[in-house]
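*Asks:* Provided below for reference: sequence and predicted model.
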Amino acid sequence: MFCRNHIKTIFMVLLSTTICTLTINNVPYEDIMKNVMNSSIVEHFFHEEACACMERCLAASEDKWFTERFRRDVPPLLSLCNSTLPDHIYTWWQSLQSKSKTSYTKVIQELFTVVPGEGHYSDAGPDRCRTCAVVGNSGNLLGTKYGKLIDNHDFVFRMNKAPIKGYEKDVGSRTTHRIMYPESATHLDNSTHLLLVPFKTLDLQWLTSTLTNGTIKRTRMKVINKLQADKNKVMVMHPAFMHYVHNTWLHIKARRSYPSTGILVLIFALHICDQVSVFGFGANSKGYWYHYFEKMPKFFWRTGLHSGGIEHDVIKELQKRKLIDLYKGWTSWCF
Ligand code: C5P
């Protein structure tokens, strides 16, 4: 990617050439440097930036609506040292799908004997320009030819069972991260990171089991008991992060409603990327979350247990404020 660091290098070469030329022509050195240092270009490129991207650095945005919501202190990923949950978050998390009698602490300890337990992606800074494509599963991707554009991002996030084969032109062919839960899991190649979104304690137990002895064969339904995935590339979204998306970004009040995988991944991307492009989000004209790979809508009740309307409004607001690039695809879809 062409980024601020490349511009700096070109600028340095041009600057040296100019100084040499002026010196050869006997212009006093002090005059040259005074003009150079006053130039706004110098100020722009040598000012300490939050990231190395040319267009924007997300986490550094001063947009009021964004800063009221964006909380740097909420950890996106579970690690060995940040896994403790405050009571109110644990109670909320346990209410999503099913309560567990098994000790959460014990489950976490077992999990981190199998997957890496250290923090990830805390490398934001002036030398990083990480571009990310968040690819939802909406039917609005069909016919778009977004494939090359999607593949051109550093990270490509895909969700659940969404296939690539046969849809490459519209959805691309690279996947750096696949986000899933046990009931939506699919086998991965060794180059793809698995990001588990745990909606219950049993999901964490399944992850340990499916990467080792395969004893868990059912959760709410039959699940893959021996998943192909590189254990060293496995990550787990933090339940506190899920609660933060629910409360702070979506302000969900409705009982039994919680954030969709898609919105969780989008907000996750805001936290670990410098620029975010969003593809494949949007219900069809009747309000159904229809998949690009299925003939019939997945949910009989429009957006399932998720507050599709609220999620839609947040995504639109992020786009309006130029915090994300939203690719709406086929125009007959809602967005
Ligand atoms: O349906 P599934 O959860 O597999 O899709 C992944 C995500 O894509 C959803 O959680 C939702 O956020 C988004 N989606 C959408 N519009 C659709 C289908 C999915 O916004 N028509």
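*Replies:* Sure, I can see it.
*Asks:* Surely residue 291 is in contact with residue 139?
*Replies:* Yes: assessed by C-beta atoms under 8 Å, residue 291 is found in contact with residue 139 at 6.1 Å. Just so you know, the C-beta spots here come from the backbone N, C-alpha and C atoms, and that holds for glycine as well.
*Asks:* What are the contacting residues of the helix or strand containing residue 242?
*Replies:* Per DSSP states H and E: residue 242 is located in helix 239-244. Applying C-beta atoms under 8 Å, 6 or more residues apart in numbering, the contact partners of helix 239-244 are 71, 74-78, 85-86, 89-90, 92-93, 197-198, 258-259, 264, 267-268.
*Asks:* Which of those residues are buried? Put it as a PyMOL command.
*Replies:* Buried members of the contacts of helix 239-244, defined by 16 or more other C-beta atoms under 10 Å, are picked up in PyMOL with:
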select buried, resi 74+75+76+77+78+85+89+90+92+93+197+198+258+259+264+267+268
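*Asks:* Inside strands: which ones of the contacts of helix 239-244?
*Replies:* Among those, none falls in strands (DSSP state E).
*Asks:* Toward the C-terminus, what is the element adjacent to the lowest-mean-pLDDT helix or strand in the chain?
*Replies:* Here the helix or strand of the chain ranked lowest by mean pLDDT, DSSP states H and E is helix 40-46, holding a mean of 44. Using DSSP H and E, the helix or strand that follows helix 40-46 in sequence is helix 64-69.
*Asks:* Give me the contact list for that next one.
*Replies:* So helix 64-69 is contacted by 61, 248, 249, 317, 318, 321, 323 (C-beta under 8 Å, 6+ apart).
*Asks:* Pick out the one among those residues with the largest number of neighbours.
*Replies:* residue 318 (24 neighbours; other C-beta atoms under 10 Å).
*Asks:* Identify all contacting residues around the helix or strand that one falls within.
*Replies:* Element membership of residue 318 [criterion: DSSP H and E] is helix 308-320. Residues outside helix 308-320 that contact it (C-beta under 8 Å, 6+ apart): 65-66, 249-252, 259-260, 262-263, 266, 270, 278, 281-283, 287, 289, 302-303, 324-326, 334-335.
*Asks:* Give me the subset of those that lies in strands.
*Replies:* Among the contacts of helix 308-320, the residues falling in strands (DSSP E) are 278, 325, 326.
*Asks:* Now distance to the ligand too, for the residues you listed, in TSV please.
*Replies:* TSV is the format used below for the ones in strands among the contacts of helix 308-320 (distance: C-beta to the nearest ligand atom, whole Å):
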residue	distance to the ligand
278	9
325	16
326	11
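*Asks:* And the buried ones among those, selectable in ChimeraX?
*Replies:* In ChimeraX, this line selects whichever of the ones in strands among the contacts of helix 308-320 come out buried by 16+ other C-beta under 10 Å:
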select :278,325,326
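*Asks:* export the helix holding residue 242 as CSV, just CAs?
*Replies:* In CSV, the C-alpha atoms belonging to helix 239-244 read as follows (Å, rounded to 0.1, in the frame of the first residue of the first chain):
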residue,chain,number,x,y,z
PRO,A,239,-17.3,-10.8,26.1
ALA,A,240,-16.8,-7.3,27.5
PHE,A,241,-16.2,-6.0,24.0
MET,A,242,-19.5,-7.6,22.9
HIS,A,243,-21.3,-5.9,25.9
TYR,A,244,-19.7,-2.6,24.9
